[in-house]
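Q: Return a 3D structure for these sequence lines:
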Amino acid sequence: MWREVITALGLSGGAAVALGLSRFSYGLLLPPMRADLGWTYVEAGAMNTANGAGYVVGALVAAWAAYRWGMARTFLLGFSVSVVILLVTAATTNVFALMALRTIGGGSTALTFILGAGLASAICPAQNPRRRGTLVGLYVAGVGVGILVAGVAIPIVLNKGAQQWPAGWIVLGLIGAACLPAAWWAARSVREPSGGRIALLGGREFRQIVPTFIGYGLFGAGYVGYMTFIIALLQEQGRSSGQVIWFWSVLGLVSAVATLLWGKVLGSVREARGPSMVFATVMLGTLPVLVFPASPAAMFVSAILFGGSFLAGPTAITIVAQRQLPVSSWTAAIALLTVAFAFGQAVSPMLAGAISDATGNISAGFWVSPVLLAAAAGVNLLQRPAADQLSRSYDGDSGRPT
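A: Residues are numbered from 1 along each chain as shown. Predicted coordinates for the structure are as follows:
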């Protein structure tokens with residue numbers, strides 16, 4: 001068991017790089033980049049839209065790439081490219097070059113996160129949902145650790161002024177590089193499903209997870225708007241740099257710890273309820289900073305509620321895939337679900353930015369997040385449990401698949 005835990009922790013470096021450093025830490029660097037480069041909110045949001053578009057492509061090819069080269073090898077390739085992109089982002093101020101780098105980084109981080117989740121799912125060969133939930137939770141907790149580490153390191157770098165944002169990207173890249181050796185060992189330690197080759201997802205299998213597919217897309221659109229613009233919103237509300245640092249640190253710490261607890265909870269509830277529980281909690285976490293903009297306490301309530309639940313989304317849908325589908329289809333299912341997730345992430349930042357620019361008020365665009373998250377929670381309630389799917393897939397008289 002301890003070897004399984006250590007392996008999951010090693011893989012979690014991939015989750016830290018893919019989301020904690022590459023995607024979410026952009027929220028810390030957005031305000032100084034926007035101030036130094038003179039961006040509108042649409043341009044600022046376009047950077048994460050580009051990242052989301054790359055994530056869509058990476059999610060689309062993840063199952064094929066793993067089928068062609070193996071999960072571990074493709075995971076490590078994506079990890080390495082993601083680290084290089086973080087470092088190279090410091091080398092240009094051209095908006096189109098930055099968008100191109102964010103796009104490539106989105107593709108590489110999709111491969112890293114999706115295949116890392118697949119490897120984490122394969123650590124435990126026994127049919128033990130609770131144990132698997134814990135191991136996947138450990139893997140996803142790496143995202144929270146990445147957020148926390150970035151929240152400590154980036155403000156130190158930016159202390160000398162907005163022009164220091166390139167150094168912030170270099171720091172993120174170096175942190176990611178430091179995680180690579182442990183992830184390399186862990187990935188090579190996991191026995192991959194079907195001898196390292198995975199099945200592609202069929203139409204019948206996809207139909208089994210349609211509600212989760214739609215709900216996860218809405219979740220991606222809802223949560224990424226918060227993570228993209230929350231720091232800018234807090235600064236507009238008059239929060240001091242010290243308060244913002246504490247907010248980000250609380251969000252990262254709570255997310256890392258709570259993800260482990262969510263893994264146990266989600267492993268013991270019906271999968272139809274699991275994602276909806278997560279999405280609804282995340283939605284509640286977006287509201288305090290909007291409803292009580294003058295209250296510092298609301299900022300930390302938001303950090304605890306949102307940070308304590310948003311990383312459970314990948315864990316929840318991974319468990320749905322595990323229960324609904326055969327082991328050989330897990331990675332393909334996670335990849336397909338992540339396509340919906342990534343598409344939502346690509347659309348939402350520019351939409352929120354456009355509303356903020358049109359109204360001259362960043363909080364107006366910020367309302368996109370709770371609306372979409374509420375819709376995600378509702379849609380996912382339509383997901384039938386695996387037992388129901390199985391009973392509908394067989395003819396009661398013949399015992400054969402229909």
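Q: any idea how far stretch 104-113 is from the chain center?
A: 11 Å (CA atoms, centre = their mean, to the nearest Å).
Q: Could I get the CA-only coordinates of that stretch as CSV?
A: Presented in CSV, the C-alpha positions along stretch 104-113 are these (Å, rounded to 0.1, in the frame of the first residue of the first chain):
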residue,chain,number,x,y,z
ILE,A,104,1.2,24.3,-27.3
GLY,A,105,1.4,24.2,-23.5
GLY,A,106,-2.3,23.4,-23.4
GLY,A,107,-1.8,20.4,-25.6
SER,A,108,1.2,19.1,-23.6
THR,A,109,-0.5,19.6,-20.3
ALA,A,110,-3.6,17.7,-21.5
LEU,A,111,-1.4,14.7,-22.3
THR,A,112,0.3,15.0,-18.9
PHE,A,113,-2.8,15.3,-16.8
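Q: contacts for that stretch?
A: Outside stretch 104-113, the residues that touch it by CB atoms under 8 Å, 6 or more residues apart in numbering are 14-15, 17-19, 22-23, 50-59, 61-62, 65, 74-75, 77-79, 81-82, 85-86, 89, 314, 338, 342. (Each C-beta comes from the backbone N, C-alpha and C, glycine too.)
Q: residues contacting Ile147?
A: Neighbours of Ile147 in contact, by CB under 8 Å, 6+ apart: Gly20, Phe24, Ser25, Trp248, Leu251, Gly252, Ser255, Ala256.
Q: So which of the residues you listed are in helices?
A: Trp248, Leu251, Gly252, Ser255, Ala256 (DSSP state H).
Q: Can you get me a residue count around the last one?
A: Counted with other CB atoms under 10 Å, the burial measure for Ala256 works out to 25 neighbours.
Q: Which of the ones in helices among the contacts of Ile147 sits closest to Val269?
A: For the ones in helices among the contacts of Ile147, the residue nearest Val269 by CB to CB is Ser255; the value is 20.0 Å.
Q: what about this protein, any weak spots by pLDDT?
A: The chain contains residues with pLDDT under 70 at 125-130, 132-133, 161-162, 193-202, 263, 267, 270-272, 326-328, 331, 386-402.
Q: One more pass at 50, please.
A: In the predicted model, the chain carries pLDDT under 50 at residues 195-198, 389-402.
Q: which residue packs closest to the spatially most central residue of it, ignoring adjacent ones?
A: Central residue check for the chain by CA atoms, centre = their mean: the C-alpha nearest the mean position is that of Leu19, 5.4 Å away. Spatial nearest neighbour of Leu19, excluding adjacent residues (CB to CB, 6 or more residues apart in numbering): Val143 at 4.4 Å.
Q: ok, so what distance separates the one you found from Leu76?
A: 18 Å (CB to CB, to the nearest Å).
Q: Ala153 too?
A: Taking CB to CB, one finds Ala153 at 24 Å from Leu76.
Q: quick one: which of the two has more around it?
A: A side-by-side neighbour count of Ala153 and Leu76, using other CB under 10 Å, places Leu76 first with 22 against 18.
Q: if we can go back for a sec, mind telling me what element the residue nearest to Leu19 is part of?
A: helix 129-158 (DSSP states H and E).
Q: chain center to that helix, what's the gap?
A: 11 Å.
Q: just checking, next helix/strand downstream of that helix?
A: helix 165-189.
Q: So which bits of that next one are buried?
A: 165-166, 168-173, 175-177, 179-180, 182-184, 186-187, 189 (16 or more other CB atoms under 10 Å).
Q: That one packs against which elements?
A: helix 2-15, helix 26-37, helix 71-88, helix 95-122, helix 129-158 (3 or more CB pairs under 8 Å, 6 or more residues apart in numbering; DSSP states H and E).
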